[in-house]
Structure formats: C-alpha cells, structure tokens
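J.: need the 3D shape of this:
(one chain, ligands or ions: 1)
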Amino acid sequence: MDHFQRQDGELYAEGVALRAIADEVGTPAYVYSRATIERHFRVFDDAWEGQDHLVCYAVKASSNLAILSLLAKLGAGFDIVSIGELERVLRAGGDPAKVVFSGVGKRRDEIRRALEVGILCLNVESRAELEMISEVATSMGKRAPISMRINPDVDAGTHPYISTGLQTNKFGIPWREAREAYRLATALPSIDVMGLDCHIGSQIADAAPVVEALDRLLSLVDALQEEGISIHHLDVGGGLGITYEDETPPTPASYAAALRERLKGRSLRVVLEPGRVIMGNAGVMLTRVELVKHNGDKRFIVVDAAMNDLIRPTLYSAYHRIVPVGVPAEAQDVVDIVGPICESGDFLAQDRELPRLAADDLLAVRSAGAYGFTMASNYNSRPRPPEVLVDGEAVHVIRERESLEDLWRDEKIPWD
Ligand code: LLP
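T.: Numbers count the residues shown, from 1 in each chain. Reported below is the predicted structural model:
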C-alpha cells in the first residue's frame, strides 16, 4: 500500500498534489512519501516480531540523508557497501553498532574505518578478504566481527544482472568451501566469528529459493557447531520483490512466515537487508512531456527525464508504470516514452499503451523510489534531479537540483 492516490482525478503524494511539487521544483524530480516509507519499514519489521532480529536497510536503494535519518529513527540498522555509504549513515544519525558491511571488494581504508566506528559485522566474501581484514584489525589492535557470505548456488529466478546466488556469480564463498573458510577465520588473529550471510538476488518474486538457501545455511550452522564454531546471527540478505507491473511477490508477512518456519526451535538472531521493498513504491519520478513526435507509424513521447535520471528501463529492461498526473485522457495510444539523450537506449517505456498525451503534460513514473536517484548520473552533462520528501501536507526538498556549475565544479583546465 502506498500514499500516491488520486483526488478529483489529480495524482497526490499524501496531502500534496504532485503538480504543485512540479511547479515548485521543476522536472524531472524524485518525490518520496514519508508515510509510505514508514509503513513499508514497519510492516517488514513487524513481520519478525517475537524473533530476535535486525532489519538493516540496504542503503544503495536510496541513500539520501533524510531517508536514512527517517529509517534510523524507526530503529533500522543499515547494510552498506562502501565508505561513502558508511559516512552517510553516520551523518544521518545511524547507529554504527547496527551496520553490516557487504561487498566483494572492500578496501583497507574502508575496513579500517568500519572497525574504528565499531560496526556490527563485516560480511566477508573470500578467503583473501578474510586475511586482509585480519591484518587490518591486528594493525589497529582491534578485533573484527565477521560473517562469511556463502554462495548457496540457488537460482533466485530474477534478472541475470541482479541475481547473485549462483556459483557463476562473483559473490560469496561456494557453500561447499564454507567450512574451510570458517576454520581459517577461527585460526586467523583478531577475527571474531559472528554470523553466516547470504544474498541470492534482488526483485525476488517467490520465497522458495530463499527458503532453499536458508536450509543450506542452517545445515552449515549445524556442521560448524559440531566443529565448535558457534554462529550467533544468520543474515538472509535482501531481495524481496515488489509490484512494478503485475508481479505478485510474497508479502513481507508471508515471506517472514516462510523463513520463520525453518528457524523454529533455534536461538539465532536474524539479520535482513531489504532495500527495494522499503523504498521502491515509496517514490515516483516526475517528468514533463516536451513534445510528441511521429516517425512513420511510431509515436514518440519526448519527455524531460532520461536514462541518466532513471536507468532501470534500459539497463534491466525494467517495467515502470507511467501515469499522467492530471486526469487521464479517454483516447489511448501505443507510444515510446523517450528522453533527450543521444542513444536509442534512452527510453523509459517502449510500446506502451497510455492515455493520449500532449506537450506539457506531467507524468509520474511509478515505483522509482529504489535504485532511481542512486543510479542517476550526469551523462550528457545533465544535472541530477532534486529529491523531495512529502510528509502529510509538507513538502521538503531533501536534495536540491544540481546546478550547471556543479557539473564542472571539480574540474580543472591545466593551462588556465
Ligand atoms: N544486500 C546485498 C548484499 C545486496 O547486494 C543488495 C542489493 C541488497 C541487500 C538489497 O536488495 P533489495 O532488497 O533491494 O533487492 N540496481 C538494481 C538492484 C541491484 C541490487 C543490488 N544488491 C535494480 O535497479 O533493480
């Protein structure tokens, strides 16, 4: 459930007309709903009530300080993948003791900073990384809390670019080699084994592969216990899908129920790393129609947002619902919604049946709250759009639109 609803035909974010926001900040612009973010977090968190757990929001989905602050206030921990994300979390008031650090290529300076601020756990993806962490921790006179990220070799059944749990992916340690890796962890200096981790992919539409991965993890927990290696927490990653078009992913409650069924009778803490399910449907991208263009039989709606603002359609063939902000016309056309960038891949939708559109019409690209702004770039020297948070009747600009000067602020002409 989200708080983007129509009132008298006009699309609103909570109590504010999206048209009013477009008038205020211009287009393209990202708009998030605070009530939706809070609702999504609570529903996800409540599904684990009665089980020792920690929801570590995956910062990469949407990393604006205001969003992180909001989630920190709700008690969220954070799943980070870089020092940039760590510093954002700290800057937003997040608790470092609730931070897990994922990623296949952490640098020494990143590991050092994570140990300095005292994060909950480093999710380790290789023996080489384990050795590096041990070295860094020893040089600091500290102990490093770690989980090994296990690659369970199950197919999440999602887009190949966002599927991570297969042996052919670069992620994690093959599950058959996991015991060896834990033996190494206990033998190395300055390492504290905390948990076991996996993340098999994103936009997962069915709990079954996650349950399968969990079963593999649990059999490992038992095997390790026999060797005297205790696992305190189990990190099952993120990945729960959302409805973009007509997908019917499990609800957070049924997803939790499927996993909890397997955890009965065990005293393990569960860590979860959701990103998309919290933010995806809590944000829209507003864009305005520049002009309508016909090439033979094809009808192109040229808008002022482009692949640099929202890359998901072209990168993953992702579907985003696109709706007029105003009252939709009766007549329908089959159109491509395209941006002004000089690439045929610059589209937001292809062969889409939409209410008839005209220049100046305002559109909302739905489900753009996750991996929208965070994947935006300056390609074609386009300033990145502003981010706006609606809270009831209040409109907060939580990131200004970049200026033209921002584009070249850090550049230098050597002979000037
Ligand atoms: N944990 C780890 C270790 C991850 O790699 C990811 C996402 C998550 C958690 C959060 O997954 P989520 O709950 O959001 O599915 N840019 C792509 C998605 C890439 C996901 C990368 N990892 C997209 O726009 O669909």
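J.: surely Leu68 meets Arg88?
T.: Yes. Leu68 lies in contact with Arg88 (CB atoms under 8 Å); the separation is 6.0 Å. Where you see a C-beta, it was placed from the backbone N, CA and C, and this is true even at glycine.
J.: which of these two has more neighbours?
T.: Leu68 (23 against 19; other CB atoms under 10 Å).
J.: counting neighbours, what do you get for Ala17?
T.: There are 16 residues near Ala17, going by other CB under 10 Å.
J.: quick check: neighbours shared by Leu68 and Arg88?
T.: Listed as contacting both Leu68 and Arg88 by CB atoms under 8 Å, 6 or more residues apart in numbering are Val59.
J.: residues of the stretch 251-400 of the chain that sit close to the ligand?
T.: With CB under 6 Å from any ligand atom as the criterion, the stretch 251-400 of the chain meets the ligand at residues 273-277, 312, 316, 370-371.
J.: return the subset of those lying in helices.
T.: Per DSSP state H, helices hold the following members of these: 276-277, 312, 316.
J.: tell me which helix or strand of the chain sits lowest on mean pLDDT?
T.: strand 173-174 (a mean of 91; mean pLDDT, DSSP states H and E).
J.: from the ones in helices among the residues of the stretch 251-400 of the chain next to the ligand, pick the one nearest the ligand.
T.: Arg276 (3.5 Å; CB to the nearest ligand atom).
J.: and the residue nearest the centre of this protein?
T.: Nearest residue to the geometric centre of the chain (CA atoms, centre = their mean): Ala61, 2.3 Å.
J.: contacting residues around the closest residue to that residue other than its chain neighbours?
T.: Leaving out its chain neighbours, the residue that sits closest to Ala61 by CB to CB, 6 or more residues apart in numbering is Gly275, at 3.1 Å. By CB under 8 Å, 6+ apart, Gly275 lies in contact with 57-62, 79, 202, 238, 370-371.
J.: tell me how far Gly275 lies from Glu85.
T.: 11 Å (CB to CB, to the nearest Å).
J.: ok, Leu234 next?
T.: Distance, Leu234 to Glu85, by CB to CB: 23 Å.
J.: which bits of the stretch 1-150 of the chain sit near the ligand?
T.: So far as CB under 6 Å from any ligand atom goes, the stretch 1-150 of the chain lies against the ligand at 58, 61, 79, 102.
J.: tell me who's in contact with the residue nearest to the centre of the chain.
T.: 275-276, 278-280, 369-371, 374.
J.: which helices and strands does the least confident helix or strand of the chain pack with?
T.: strand 144-151 (3 or more CB pairs under 8 Å, 6 or more residues apart in numbering; DSSP states H and E).
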